[in-house]
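> Need coordinates for the below:
(chains A and B)
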Amino acid sequence: MSVATDQELYEQRAISFVDDDGYPVTVPARVSVEDGEIKVRPAKGFDPPKIAGRRVNVVLNHITPLPGGGYTDRRYIAFTGQAAAEGDQLVVRPERTYRWNEREVPFPEYVEVSTPRARRYLEALGKRLGVDFKPAIGAFWRFFRVVRFPFLIATAVPVAIGGGVALYHDSFDVALLLLTFLGLALIHMGLNVANDYFDTVLGADPANRRPTPFSGGSRSILYGLISESGARALYASLFGSGVAIGLYLALTRGLLPILGLTALGLFLAYFYTAPPIKLAYRGLGELAVGTGFGPVIVMGTYFVQTQRFSLDALVASVPIGLLIMLILYVNEIPDAEFDRIAGKRQLVTRFSREQALAFLAGSLAATYSVIALIPVLRLGPPTVLVALATIPLAVKVYQGARSNFGKQYEMIPTMSLNVNNAAITGALIAAGYFVGALLGL
Amino acid sequence: MASLPPHVEDVFERSLVALFTTVNSRNEPVTHPMLPLYERGSGRIYFTSSVLFSRKLEHIKRNPKVSVLFSEREFTRCESGDAVLVKGTARVDDSDPSNGWMRFLPLWRRKEPYIDAYLKQRFAFPLFWERAVIEVRPDVVYVWRGGDLDAEPEVYDLRR
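Just a heads-up that it's a prediction; the model follows:
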């Protein structure tokens, strides 16, 4: 096997073997790698004849100490093989190696690939001690992580837009708006948990070695924060609670339209990843998310307020639908490599790099074009044009995706910027309607 | 039991990394770099190991004989440059993986001052913070003064 390695990268060098007394021994040593062989001169006291003929580990290790304490830049490599004496040194022909270099395998990925081992260990320990071990994080943080709480911004913003358009049309009730948000937030959290559950059992999340805070799911089931049956019960109760609020709103504000929108939203939320439809696995997830977080939420919120539909609300829903679809879409870029393995054929996996970037650019252009057209077509107040102020952010999102396409961890700032762009642009659209209404524009 | 000379305790106390070796089921050595923790006068070297990297814990439970190597002046942070090899007997305490290791936080903090910032984000890497404690009782200690590998090591047999 090849033992090519940059020896200069490792300062700490040693050879390990099991001594006659049964103790393993790790002796500091001079180590050089030459022509596929490792030459070792162990420290005095453990001379080559004592070690020759044994199974050994030759270990090279490096850390970079930090001036303020601690260290970074960890890497080590261990060569395992049989040692033979050659003059005053040992020669090892390595049969296998194990290694870690955090520049090659970043710490989060190292943790991820080791997760199944940790789960097995805790399970065996739990059986031995008669305890059900779960990672110790508080109930709030557990819930926060399991339901992916921060993602509720994707529900809050279209609800605000629907409320803003309603106020612009002289109809607004804060209590109804909050109740609408609560119902939709419950369904959104149900979607997140169901998505985690099905992506776990269908293999997409376990296949993903490089999840980020924005992609790869919450990992809650994989980390043992919640069981599979617990996740099923949780998404069922979240969906159930959200539907109960939808039923109340249907009975009080308009039966068929609200029931219809609730049913459509629930269908899109559940079958986003659930078999047999698995919209996300068929390249339809983006359409489902754009429809659900755009027209369904904005029109639903508008209807609850005004008890009618309007073209204005429908047009207002398009930019936010596109932007939230793009949150999903940009977050799919780092997942694509692993989604392909799991057979999750989301849109990015179906595109070449250039096609994927063109779709991103086209969707962003469409978003801002629709915003610009709203006052031109007299479908909303001119104040919505304030949302065009985020165009520089959108350009940065595109540039970031172009520069870091296919690089999981390097994409994190771009994914973050993309979420911010959607939230800020959506909030400015909503603000445009509220301010337009208050100014009578 | 004999005690360790202060210059050896200096190395244990100050080192940022040590090569920790266990014996696997094929009677082969398996070595990993780890952060050693030591309190002067305690006579025990401690490590905490995440259950993510639990193979070494299984090795110790099967065979408690281990070794720990401290070497390289830059890593031991001791002017002496001494290289120290410990042959020892290890014990795994994994009875409380969520909290049991936290009694070593003050020692850990001394070597990695930023550890509290990571711990505050425990929810981000929950399994990393499920940890077993490895306690090593030094049995025989070899010291190469000044890190001179060509000199005979001083040997301290602590079992006597």
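> Longest helix in chain A, please.
Ranked by residue count, the top helix of chain A under DSSP state H comes out as helix A:311-342.
> Quick check: buried residues in the very next helix or strand once past it?
From helix A:311-342 onward toward the C-terminus, using DSSP states H and E, the following helix or strand is helix A:347-350. Buried residues in helix A:347-350, counted by 16 or more other C-beta atoms under 10 Å in any protein chain shown: A:Leu347, A:Val348, A:Thr349. To be clear about C-beta, it is placed using only N, CA and C from the backbone, and glycine gets the same treatment.
> Name all residues that make contact with residue 151.
You didn't pick a chain, so chain A it is. Listed by C-beta atoms under 8 Å, 6 or more residues apart in numbering or on different chains, the contact set of A:Phe151 reads A:His188, A:Asn192.
> look at chain B instead
A:Lys44, B:Trp144, B:Arg145.
> which strands and helices sit next to the longest helix of chain A?
Applying 3 or more C-beta pairs under 8 Å, 6 or more residues apart in numbering or on different chains; DSSP states H and E, we find helix A:311-342 packed against helix A:153-168, helix A:204-207, helix A:285-291, helix A:297-306, helix A:347-350, helix A:353-376, helix A:391-404, helix A:412-439.
> All the strands of chain B, residue numbers only.
Using DSSP state E, the strands of chain B run over residues B:18-23, B:29-34, B:37-38, B:45-50, B:65-70, B:83-93, B:131-144, B:154-157.
> Could you point out which of those strands sits nearest A:Tyr272?
strand B:45-50 (33.6 Å; C-beta to C-beta).
> Now that closest one - C-alpha only, CSV.
Extracted in CSV, the C-alpha atoms of strand B:45-50 (Å, rounded to 0.1, in the frame of the first residue of the first chain):
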residue,chain,number,x,y,z
ILE,B,45,-4.2,11.0,34.5
TYR,B,46,-7.7,11.6,33.1
PHE,B,47,-9.1,11.7,29.6
THR,B,48,-12.7,12.3,28.6
SER,B,49,-13.8,10.5,25.4
SER,B,50,-17.0,11.2,23.5
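> touching chain A at all, it?
Yes - counting by C-beta under 8 Å from any C-beta of the partner chain, chain A is contacted by strand B:45-50 at B:Ser50.
> How far off centre is stretch A:51-64?
Centroid separation for stretch A:51-64 versus its chain: 38 Å, with C-alpha atoms, centre = their mean, to the nearest Å.
> in that stretch, what counts as buried?
Residues of stretch A:51-64 classed as buried by neighbour count (16+ other C-beta under 10 Å): A:Ile51, A:Ala52, A:Arg54, A:Arg55, A:Val56, A:Asn57, A:Val58, A:Val59, A:Leu60, A:Asn61, A:His62, A:Ile63.
> Nearest to A:Ile424 among the residues you listed?
Among the buried residues of stretch A:51-64, A:Ile63 lies closest to A:Ile424 (C-beta to C-beta), at 41.0 Å.
> Quick check: the gap between the residue nearest to the spatial centre of chain B and A:Leu238.
Nearest residue to the geometric centre of chain B (C-alpha atoms, centre = their mean): B:Pro36, 3.5 Å. Noted for B:Pro36: a distance of 47 Å to A:Leu238, by C-beta to C-beta, to the nearest Å.
> In chain A, which residue is most central in space?
The centroid of chain A falls nearest to A:Ser215 when counting by C-alpha atoms, centre = their mean (1.7 Å).
> where does it land on pLDDT?
At A:Ser215, the model reports a pLDDT of 82.
> same thing with the one 5 residues further on?
pLDDT, A:Ser220: 93.
> ok, now A:Leu9?
At A:Leu9, pLDDT is 86.
> For it, which non-adjacent residue is closest in space?
Spatial nearest neighbour of A:Leu9, chain neighbours left out: A:His62 (5.8 Å); criterion: C-beta to C-beta, 6 or more residues apart in numbering or on different chains.
> ok, of the contacts of B:Ala151, which one's closest to A:Leu234?
Distances from A:Leu234 to the contacts of B:Ala151, taken by C-beta to C-beta, are shortest for B:Trp144, at 58.3 Å.
> Number of residues surrounding residue 22?
Looking at chain A here, since you left the chain open. 11 (other C-beta atoms under 10 Å in any protein chain shown).
> actually it's chain B I care about, not the one you picked
Using other C-beta under 10 Å, B:Thr22 has 26 other residues around it.
> State the pLDDT value of the nearest residue to it once chain neighbours are set aside.
The spatial neighbour of B:Thr22 that comes closest, neighbours along the chain excluded (C-beta to C-beta, 6+ apart), is B:His59 at 3.7 Å. Looking at B:His59, its pLDDT is 97.
> sorry, back to before: can I get the buried ones among the contacts of B:Ala151 as something I can paste into PyMOL?
Applied in PyMOL, the following selects the buried portion of those according to 16+ other C-beta under 10 Å:
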select buried, chain B and resi 144
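> In chain B, what helix or strand scores lowest on average pLDDT?
None of the helices or strands of chain B scores lower by mean pLDDT, DSSP states H and E than helix B:115-120, at a mean of 90.
> for chain A, same thing?
Sorting the helices and strands of chain A by mean pLDDT, DSSP H and E puts helix A:204-207 at the bottom, at a mean of 88.
> just checking, the residue nearest to the centre of chain B touches B:Ile45?
Yes - if you go by C-beta atoms under 8 Å, B:Pro36 and B:Ile45 touch, sitting 5.6 Å apart.
> which residues do the two both contact?
Residues within reach of B:Pro36 and of B:Ile45 at once, by C-beta under 8 Å, 6+ apart, are B:Phe12, B:Ala18, B:Val68.
> Filtering those residues by proximity to chain A, which remain?
Counting by C-beta under 8 Å from any C-beta, B:Val68 from the shared contacts of B:Pro36 and B:Ile45 sit close to chain A.
> Name the SS class of the closest residue to chain B within the stretch 151-300 of chain A, please.
Going by C-beta to the nearest C-beta, chain B is nearest to A:Tyr223 of the stretch 151-300 of chain A, at 5.3 Å. Using DSSP: H, G, I helix; E, B strand; the rest coil, the structure places A:Tyr223 in coil.
> wait, it sits on B:Trp129?
No - counting by C-beta under 8 Å, A:Tyr223 sits too far from B:Trp129 to count as a contact (11.0 Å).
> for the residue lying closest to A:Val146 once chain neighbours are set aside, helix, strand, or coil?
Distances taken as C-beta to C-beta, 6+ apart put A:Ser220 closest to A:Val146, at 4.4 Å, once the chain neighbours are dropped. For A:Ser220, the assignment made with three-state DSSP gives coil.
> Was I right to think A:Ser220 contacts A:Arg145?
Yes - taking contacts as C-beta under 8 Å, A:Ser220 lies within contact range of A:Arg145: 5.8 Å.
> Who has more neighbours out of the two?
A direct count of neighbours by other C-beta under 10 Å for A:Ser220 and A:Arg145 places A:Ser220 higher, at 27 against 20.
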